[in-house]
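J.: Need the 3D shape of this:
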Amino acid sequence: MSPTSPTQPSAPPLAELYRDHNGWLLGWLRRQVGCGHAAADIAHDTFVCVLEKPRAMDGVKEPRAWLVTIARRLVFANWRRQDLERAWVAELAALPEAVAPSEEERAIVVETLFAIDRLLDGLSDKARRAFLLSQLDGLTYAEIAAELGVSVSRVRQYMTQALTRCYAAL
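T.: Residues are numbered from 1 along each chain as shown. Here you go, the predicted model:
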């Protein structure tokens, strides 16, 4: 019996999407990230994103372009995550060994950094920087304004944007 036989049900849209495009997406990702394992992880995560929002598939005319858009966002998120990890490792290297955090504390801090990064994703660079300078470095709005080359009222706007995201996440 052929797969298109009227007596055999067709594959669900996600299964069909996966069957038709996973191999192609995996190859595209391998070229982008240069690592087969990372490409496989991102391809998997791409289809998990699709699975989490099945209605998003409705009306997709170009499935490969749509999958690339999702995958590209995940690649960028992966790069941001790696940048955060490198920055954290550099900070740890500067600490005396006696005050270095345990492996468990390191893992908690890294996950917290990723959560903050996801939370601030979508803010402008200056808004993100204003929030971090305020919350992590303890700078006043006037000091942040001088650092960023903007007015104090603009810093207030940036902080409102960032804090609104924080409250929405709660």
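
J.: Let me see the contact set for the residue nearest the centre of the chain.
T.: Taking C-alpha atoms, centre = their mean, the centroid of the chain lies closest to residue 77, which sits 3.2 Å from it. Residues in contact with residue 77 (C-beta atoms under 8 Å, 6 or more residues apart in numbering) are 118, 121. Just so you know, the C-beta spots here come from the backbone N, C-alpha and C atoms, and that holds for glycine as well.

J.: what about this structure, any weak spots by pLDDT?
T.: Counting by pLDDT under 70, the chain shows low-confidence ranges at 1-12.

J.: Phi and psi next, for residue 140.
T.: phi -80, psi 170 (degrees, to the nearest 10).

J.: coming back round to it: and the gap between the residue nearest to the centre of the chain and residue 19?
T.: Separation of residue 77 from residue 19 (C-beta to C-beta, to the nearest Å): 26 Å.

J.: what do you get for residue 59?
T.: Residue 59 is 20 Å from residue 19, by C-beta to C-beta.

J.: Okay, domains of the protein per the record?
T.: Domains of the chain are assigned by the TED database as 14-94, 103-168.

J.: By residue count, tell me the biggest helix in this structure.
T.: Longest helix in the chain by number of residues, with DSSP state H as the criterion: helix 63-94.

J.: Pull out the buried positions in that one.
T.: Buried positions in helix 63-94, judged by neighbour count with 16 or more other C-beta atoms under 10 Å: 63, 66, 67, 68, 70, 71, 74, 75, 77.

J.: Tell me who's in contact with the fifth one.
T.: When you say that, I think you mean residue 70. For residue 70, the contacting residues are 46, 49, 50, by C-beta under 8 Å, 6+ apart.

J.: Name the nearest residue to residue 161, ignoring sequence neighbours.
T.: Once flanking residues are discounted, residue 161 sits nearest to residue 127: 5.2 Å by C-beta to C-beta, 6 or more residues apart in numbering.

J.: in which helix or strand would I find that neighbour?
T.: Element membership for residue 127 (DSSP states H and E) is helix 125-135.
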